[in-house]
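>>> model this:
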Amino acid sequence: MRSFKAAILAGTFAIMAATNVFAADIKIGFVVKQPEEPWFQDEWKFAEQAGKEKGFTVVKIGAEDGEKVQSAIDNLGAQGAQGFIICVPDVKLGPGIVAKAEANGLKLMTVDDRLVGADGQPLEDVPHMGISAVKIGETVGEAIAAEIKKRGWDMKDVGAIRVSYDSLPTAVDRVDGALNALKAAGFPAENIFDAPQAKTDTEAALNASTTVLNKNANVKYWIAVGLNDEAVLGAVRASESVGIPAANFIGVGIGGAESAINEFKKADATGFFGTVIISPKRHGYETALNMYEWIANDKAPEKLILTSGSLALRDNYEAVRKDLGIE
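So this is what the prediction gives:
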């Protein structure tokens, strides 16, 4: 009996050891379009946390254009990776990315931005974790509408800067969600001014917003919506540059990036009123874990997972971040 038990234990340990070795052999790529952005750095951090817990390796790659994406996938194939997660610089690269992944024998998941086919429709066979862009946008619009009411502004006296990046569907959904919520609250559509960005950073948003503000110098109160915190912060910086008081400006961003948190930490409140924080933990940790389970245990992830966000203001952002597992 003892020898039988010993044999069972030995077999169990052998299986455990084999599992650990297999986990150690798993290599997962995590490719992002803007590696310098805090959001993507946080995704990488949480993906690596999942890797440490399960014993697999995360290969972090920045790929800012289509050529670099193709090179990154080939690189992962050459390294012996089994799969990768990607946030693409252009969603229209979808068919090429799928083909390149298949050519390298790599499992593919997307995060944040969903791939589309030649017809512009989502590639539904590729598992994706994204953000419920419309709902998050609505949260932005509802927050701004509530603050307009709280400040006692007449909406007909308020101008809205639509910091736009319409080549990205997620950006359109977020901004349209915000503006639809505002219009539902009574905001006049004719008071919305488009400020198209050349890039999705603060400088591009500042330049676009400054043009709008200079053309409409007679408007007393302003609000701003955009794809992310950087877009709205650009609008805030533009308002400051033309002399609009912080008390006359309401900007609500999306993302909860370090730049937004730094704005809340300033001694005096600025026109950056709030941000809808999206948890990079789920987008980094959970996607990496899902890819690991797919590789190690043949457990395919759900085809579509949508996450939501939480409104954070100057006086509660720390509590919101803690609730989302960021701190």
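>>> where do the helices sit along the stretch 151-300 of the chain?
Per DSSP state H, counting those that start in this stretch, the stretch 151-300 of the chain carries helices over the ranges 169-184, 202-215, 229-241, 258-265, 280-281, 287-297.
>>> for residue 309, what are its contacts?
Taking CB atoms under 8 Å, 6 or more residues apart in numbering as the criterion, residue 309 is in contact with 131, 136, 139, 254, 256, 276, 277, 278, 279. The way it works is simple: take the backbone N, C-alpha and C, and place the C-beta from them, glycine included.
>>> rewinding a little: let me know which of the helices of the stretch 151-300 of the chain is the nearest to residue 163.
Nearest of the helices of the stretch 151-300 of the chain to residue 163, taken as CB to CB: helix 229-241 at 4.1 Å.
>>> contacts for the closest one?
161, 163, 165, 195, 197, 200-210, 212-213, 222, 224-226, 246, 248-249, 251-257, 259-260, 263, 270-272, 275.
>>> got the angle for that helix vs helix 202-215?
Here the directions of helix 229-241 and helix 202-215 differ by 40 degrees (axes from the mean of the first three to the mean of the last three CA atoms, to 10 degrees).
>>> what does the average pLDDT come to for helix 229-241?
Helix 229-241 shows an average pLDDT of 98 in the prediction.
>>> which of the contacts of helix 229-241 are buried?
Buried by 16 or more other CB atoms under 10 Å: 161, 163, 165, 195, 197, 200-202, 204-206, 208-210, 212-213, 222, 224-226, 246, 248-249, 251-257, 259-260, 263, 270-272, 275, out of the contacts of helix 229-241.
>>> coming back round to it: now pLDDT and distance to residue 83 too, for the contacts of residue 309, in TSV please.
TSV is the format used below for the contacts of residue 309 (pLDDT from 0 to 100; distance: CB to CB, whole Å):
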residue	pLDDT	distance to residue 83
131	84	22
136	94	28
139	96	33
254	95	29
256	89	28
276	96	30
277	91	28
278	82	24
279	80	22
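>>> in CSV, list those residues along with distance to residue 98.
Shown next, in CSV, are the contacts of residue 309 (distance: CB to CB, whole Å):
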residue, distance to residue 98
131, 22
136, 27
139, 32
254, 28
256, 31
276, 31
277, 32
278, 26
279, 27
